[in-house]
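Trainee: my questions are about this predicted structure, shown below with the sequence.
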Amino acid sequence: DFDLKIDRLVKRPWSRQRELSDIASFDIGIAPLIDGAWERGKCGLKAIQYMGMGVPVVASDCGALPSILGEPASGLLYRDDGEFYDCLDRLAEDVSLRKHLGENGRDRVAKEYSIHRWADIVADTLRAAS
């Protein structure tokens, strides 16, 4: 549980049945991590999910998140609480930036993280290992 000082924030428990429809309803996806050893080893799945659905991301500048957001950027990175809220404000006020970052994210996931990108590579690796 966390408490963010954000107007219009809707918090609800995660639900497998609602996950996709919830993400599709987001204006901005957040991927906050504390910069610790455990967090630096995490993948950043939430950011990838948001990006795959065209939702711009505000993410910690930590672990794999900077490389996941990539270039061209699919979201905004922050280093501290002040930057976090600045990033949220910037995206909340700029619909065209949200749209642009969301499109970049969708394209990046299709190119770098989709089954179409990795299916042949994984199959070839498994065949070579047998």
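Mentor: Happy to help now that I have it. Not measured: the values here are computed from a predicted model. Residues are numbered from 1 along each chain as shown.
Trainee: list the contacts of residue 87.
Mentor: 58, 76-78 (Cβ atoms under 8 Å, 6 or more residues apart in numbering). For glycine as for every other residue, the C-beta is placed from the backbone atoms N, C-alpha and C.
Trainee: and which of these is nearest to residue 101?
Mentor: Closest approach to residue 101 among these (Cβ to Cβ): residue 76, at 7.5 Å.
Trainee: distance between the helix or strand that closest one falls within and the chain's centre?
Mentor: For residue 76, the host element (DSSP states H and E) is strand 75-78. Centre-to-centre, strand 75-78 and its host chain are 10 Å apart (Cα atoms, centre = their mean, to the nearest Å).
Trainee: in the protein, which residue is most central in space?
Mentor: Closest to where the C-alpha atoms of the chain average out (Cα atoms, centre = their mean) is residue 47, at 1.6 Å.
Trainee: find me the pLDDT at the nearest residue to it once chain neighbours are set aside, would you?
Mentor: Spatial nearest neighbour of residue 47, chain neighbours left out: residue 31 (4.3 Å); criterion: Cβ to Cβ, 6 or more residues apart in numbering. pLDDT for residue 31: 92.
Trainee: what of residue 1?
Mentor: 55.
Trainee: and what of residue 96?
Mentor: So, for residue 96, pLDDT stands at 97.
Trainee: so which bits of the host helix or strand of it are buried?
Mentor: Per DSSP H and E, residue 96 falls inside helix 95-112. Of all the residues in helix 95-112, those buried under the rule 16 or more other Cβ atoms under 10 Å are 98, 101-102, 104-106, 108-109.
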